[in-house]
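> I would like to see how this sequence folds:
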Amino acid sequence: MTKVGISVKLMEQWLKAWSLSRKLPAPARFKSGFRVDVGYDNQRARYVFPELNDDFLQLAETIKEPWIYLKVCAPREAVINVISNEWEVEPQRYMMTSGDPMKSRDTVLNQAYKLEYETTDASFIVRIHTGNGDLAAIGHLVIIENLAVYDRISTEPAHRRKGLGSFVMKELERIAVSNGIFNNFLAATEEGKRLYESLGWKVHCLYTSAVIRSL
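Below you'll find the model as predicted:
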C-alpha cells in the first residue's frame with residue numbers, strides 16, 4: 001500500500017541532492033517543510049512539504065505571485081480539493097525507492113552508442129551519445145549520506161524504446177554501489193514510473209505540485 005506523506009529526513013536528503021545537482025542554494029526549513037530559492041524565470045522558488053497540512057494550506061492562501069511552486073507528498077485530488085482555482089495543479093508524480101538490485105535485460109550497450117561518464121563536485125553523470133556525438137540519454141546521481149538520489153533521467157525522443165533509460169539507471173546504480181550505497185530514491189513522472197517499476201522500484205508516496213502561472 002502506498003504511504004501518505006514522507007519523513008522530514010528523507011525529504012531533506014532528496015531536496016539537498018536536487019539542489020546540488022542544479023547548483024542551487026541548499027533547502028532551508030520553512031515551518032514543517034522546506035524552501036528552495038530556485039531563481040528560474042518559470043520557477044522562482046519552491047516550497048515542499050512532507051504531508052498535506054495547515055502549513056501548506058496557509059501558504060497556498062498567502063501566495064499570490066506567479067511561478068512560486070507548492071509541492072507536497074499527497075494525492076493530486078486531495079490538493080485540488082483544498083486550494084483555490086488560481087492554482088494550477090500539475091499531473092500526479094511519485095516518490096519512489098529501491099533497496100534491491102535493479103532488474104534489467106539491457107546489460108550491453110548497442111554498438112551504435114557510446115557511454116560517457118562525468119563527475120562534478122556534487123554529482124555523477126552518465127551520458128549515452130550516438131556515433132556522431134548527439135546526446136541520446138542522460139542521468140544524474142547525487143549521494144547524500146546513506147542515500148543515492150537519481151535525478152534528471154531522460155532519453156531523447158528519437159532514441160526511446162531502445163533500453164537506453166534502463167541502461168543509464170543500471171550504470172548509475174553501479175556507481176552508487178561502488179560508493180557503498182544501496183538505498184535509492186527518485187521523484188518520477190507517470191511515464192518515468194513505468195520504467196522504474198520495470199526495474200523493481202516501488203512507489204513510496206504520491207507527490208503533487210501546484211503553481212500560479214499568471215496573475
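> can we go C-alpha only for contacts and neighbour counts from here?
OK.
> So the chain: which segments form each domain?
Following automatic domain parsing, the chain resolves into domains at 8-94+206-211, 98-204.
> Turn the ones you listed into TSV, including mean pLDDT.
Formatted as TSV, the domains of the chain follow (pLDDT from 0 to 100):
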stretch	mean pLDDT
domain 8-94+206-211	97
domain 98-204	94
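> can you pull out the strands in this structure?
28-30, 33-40, 43-49, 68-72, 88-89, 93-98, 113-119, 124-130, 135-144, 147-155, 183-188, 202-211 (DSSP state E).
> Put together a markdown table for those, with distance to residue 164 and mean neighbour count on each row.
Below are those laid out as a markdown table (distance: least, CA to CA, whole Å; neighbours: other CA atoms under 10 Å):
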| stretch | distance to residue 164 | mean neighbour count |
| --- | --- | --- |
| strand 28-30 | 35 | 14 |
| strand 33-40 | 29 | 18 |
| strand 43-49 | 29 | 20 |
| strand 68-72 | 30 | 24 |
| strand 88-89 | 31 | 18 |
| strand 93-98 | 19 | 22 |
| strand 113-119 | 9 | 13 |
| strand 124-130 | 8 | 20 |
| strand 135-144 | 6 | 22 |
| strand 147-155 | 7 | 22 |
| strand 183-188 | 17 | 22 |
| strand 202-211 | 20 | 22 |
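> would a markdown table of these with distance to residue 175 be doable?
Listed next are the strands of the chain as a markdown table, based on distance: least, CA to CA, whole Å:
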| stretch | distance to residue 175 |
| --- | --- |
| strand 28-30 | 29 |
| strand 33-40 | 27 |
| strand 43-49 | 28 |
| strand 68-72 | 29 |
| strand 88-89 | 35 |
| strand 93-98 | 15 |
| strand 113-119 | 10 |
| strand 124-130 | 8 |
| strand 135-144 | 8 |
| strand 147-155 | 9 |
| strand 183-188 | 12 |
| strand 202-211 | 20 |
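> what's the closest of those to residue 78?
Across the strands of the chain, residue 78 has its closest neighbour in strand 202-211 (9.4 Å, CA to CA).
> and the angle for the closest one with strand 43-49?
Strand 202-211 and strand 43-49 are oriented at 130 degrees to each other (axes from the mean of the first three to the mean of the last three CA atoms, to 10 degrees).
> now the angle between strand 93-98 and strand 202-211, please.
Put simply, strand 202-211 runs at 150 degrees to strand 93-98, going by the same axes, to 10 degrees.
> Perfect, I'm done here.
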